[in-house]
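**Student:** quick one, what's the 3D model for this:
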Amino acid sequence: MGRFAVMSMTDAAADRVRDIVAAKGGDVIGVRVGVKKGGCAGMEYTVEAATAPRPNEDVVEHEGARVFVAPEAVLFLLGTQMGYEQTVLRSGFTFSNPNQTSACGCGESVELKPADLEAIAAARSAA
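**Tutor:** Presented below is the predicted three-dimensional model:
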């Protein structure tokens, strides 16, 4: 059985990642997603241009778009679906994360718990 993907990506997110790669040009090959301490809820998602894979990163690919997941973020991002939305008030990547326990009122930071690896393993073996 192959290794499962840490995250998934919607078609809209893949379109946006490909747009970023095309606009940045040069050495940019995708985006890197991670988490960092910050904001009023405790953690923030990070998204930056990626020019090369880093050691121990997971790579999520969808429709030719590549997202590199920072190794220190994996336990917080397991099962997350990365999307992209554009509204009158904002545009940006969205994260539907089963490990998120709360978010601040402005939506800029979240509270995350590490994924329950035992539950994930049980679900995978039952499938």
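**Student:** quick one: the helices in this protein?
**Tutor:** With DSSP state H, the ranges of helices along the chain come out as 11-24, 74-77, 117-126.
**Student:** least confident of those helices, on average?
**Tutor:** Comparing mean pLDDT over those, the weakest stretch is helix 117-126, at a mean of 57.
**Student:** is it true that Gly64 touches Asp15?
**Tutor:** No. Using CB atoms under 8 Å, Gly64 is not in contact with Asp15; the gap is 9.9 Å. Using the backbone N, CA and C atoms, a C-beta is placed for each residue, glycine as well.
**Student:** flag the shaky bits of this structure, pLDDT-wise.
**Tutor:** 1-4, 39-41, 101-127 (pLDDT under 70).
**Student:** enumerate every residue touching Asp58.
**Tutor:** By CB atoms under 8 Å, 6 or more residues apart in numbering, Asp58 lies in contact with 5-7, 68-69, 71, 74.
**Student:** check those residues and tell me the two furthest apart.
**Tutor:** Ala5 and Pro71 (14.6 Å; CB to CB).
**Student:** do a quick rundown of the strands in the chain.
**Tutor:** Assignment of strands within the chain using DSSP state E yields the ranges 7-9, 30-38, 42-50, 58-62, 65-69, 80-86, 91-96, 100-103, 110-112.
**Student:** CSV for the ones you listed, including distance to Ile20?
**Tutor:** Shown next, in CSV, are these (distance: least, CB to CB, whole Å):
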stretch, distance to Ile20
strand 7-9, 13
strand 30-38, 6
strand 42-50, 7
strand 58-62, 14
strand 65-69, 9
strand 80-86, 10
strand 91-96, 10
strand 100-103, 24
strand 110-112, 22
